[in-house]
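1. sequence-free structure coming up:
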């Protein structure tokens, strides 16, 4: 960063200023674009902002190169003002759905609109209104910090100016050539509440096993319980799941009987609330069964699960807890 500042402070800069846009679509897919340069407008490569999450310990290609498509795009109004409302920049970009009706890609980066359209079509995005809530990471650097090929394998963070993040809030205007989007700060989007999370001191607000279930919340307790299963009072159910029989569709069960259901790596333990006739699947008949292996939502329960072991009641405090509450916010008398 210091070298970058020293370069731009020179009276004459023999380098080009490059604006890059990391676009995260509503589906979660990412597209990388930049405004094509005058000297051929070929695609360029620039390192990722973050470490490769697949192997952060590697010394080879820690920051993978991303290919940026060269298409007409510009942004205005990103100036930061200490007073008044947050800036709402304008992003102008080629009207891809319209332009791709008549162009053909020559595969050298001078007509990337068609390639980009193919990517968007795969995500089901055929009109500009579909881009609402898309995230835009606006990045800036000098051309000398980019690459024209994938031969480089960066092991250091990318050299760039501080980046800014915006959300596409609305379609401001469009014609057959360009579309203009109005951007907003992530905390200034309509419908967003601040704070994003309610501060609760004693109880965890994460959905139990929400991470492995559907990437919801911060609880990443595995679906197989790591072999340990507890009830809502943090009482041990079992450390040996084979001791609990699997539910059978032909079986009948007395009240308080315990069974397990399995599937896709998920093990759940159920207790009968009354006599259960045959063909009463625990996952579909809550009037007969209650889920037994649930969370107490307390810090104690989090410790037992994430810091416990399969032999005794001792805890290993070196394991981090993904507790969703704020214990330090509790009041003490």
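-> Right, received. Where do you want to start? Values in this document were obtained by computation on a predicted structure and should not be read as measured data.
2. Could you tell me which ranges of the stretch 151-300 of the chain sit under the pLDDT cut-off?
-> Scanning the stretch 151-300 of the chain for pLDDT under 70 picks out 189-196.
3. since we're on the nearest residue to residue 326 once chain neighbours are set aside, how many residues are nearby?
-> The shortest distance from residue 326 to any non-neighbouring residue, by Cβ to Cβ, 6 or more residues apart in numbering, is to residue 199 (5.0 Å). C-beta: built from backbone N, CA, C; applies to glycine. A total of 10 residues lie near residue 199 under the criterion other Cβ atoms under 10 Å.
4. so what does the longest helix anywhere in the chain touch, helix or strand wise?
-> When the chain is parsed with DSSP state H, its longest helix is helix 113-122. Helix 113-122 sits against strand 30-34, helix 96-99, with contacts defined as 3 or more Cβ pairs under 8 Å, 6 or more residues apart in numbering; DSSP states H and E.
5. so the residue nearest to residue 326 makes contact with residue 328?
-> No - Residue 199 lies out of contact with residue 328 (Cβ atoms under 8 Å); the separation is 9.8 Å.
6. where along the stretch 201-333 of the chain do the helices fall?
-> Assigned by DSSP state H, counting those that start in this stretch, the helices in the stretch 201-333 of the chain fall at 210-214, 299-306.
7. contact partners of the last one?
-> What it means is helix 299-306. Helix 299-306 is contacted from outside by 202, 204, 221, 225-226, 228, 230, 234, 295, 315, 319-323, 325, 327, using Cβ atoms under 8 Å, 6 or more residues apart in numbering.
8. again with stretch 171-180
-> 72, 90-95, 98-99, 128-129, 131-132, 181-182.
9. of all the helices and strands packed on helix 113-122, which lies closest to residue 164?
-> strand 30-34 (15.2 Å; Cβ to Cβ).
10. Packing partners of that closest one?
-> Strand 30-34 packs on strand 17-24, strand 65-70, helix 113-122, going by 3+ Cβ pairs under 8 Å, 6+ apart.
11. Burial-wise, tell me which of these comes out on top.
-> Stretch with highest mean neighbour count among these: strand 65-70 (a mean of 20; mean count of other Cβ atoms under 10 Å).
12. and whatever helix or strand comes next after it, which strands flank it?
-> Next helix or strand after strand 65-70 toward the C-terminus (DSSP states H and E): strand 73-76. Its sheet considered, strand 73-76 pairs with strand 90-94 (antiparallel) by DSSP bridges.
13. Report the buried residues of the strand it pairs with.
-> Of all the residues in strand 90-94, those buried under the rule 16 or more other Cβ atoms under 10 Å are 91, 92, 93, 94.
14. ditto for stretch 307-314
-> Buried residues in stretch 307-314, counted by 16+ other Cβ under 10 Å: residue 308.
15. got a list of contacts for it?
-> For stretch 307-314, with Cβ under 8 Å, 6+ apart as the criterion, the contacting residues are 226, 227, 228, 239, 315, 316, 317, 319, 321.
16. now that stretch, how far from the chain's geometric center?
-> Centre-to-centre, stretch 307-314 and its host chain are 32 Å apart (Cα atoms, centre = their mean, to the nearest Å).
17. For that stretch, what is the spacing between the initial and final residues?
-> The straight-line separation of the ends of stretch 307-314 (Cα to Cα, to the nearest Å) is 8 Å.
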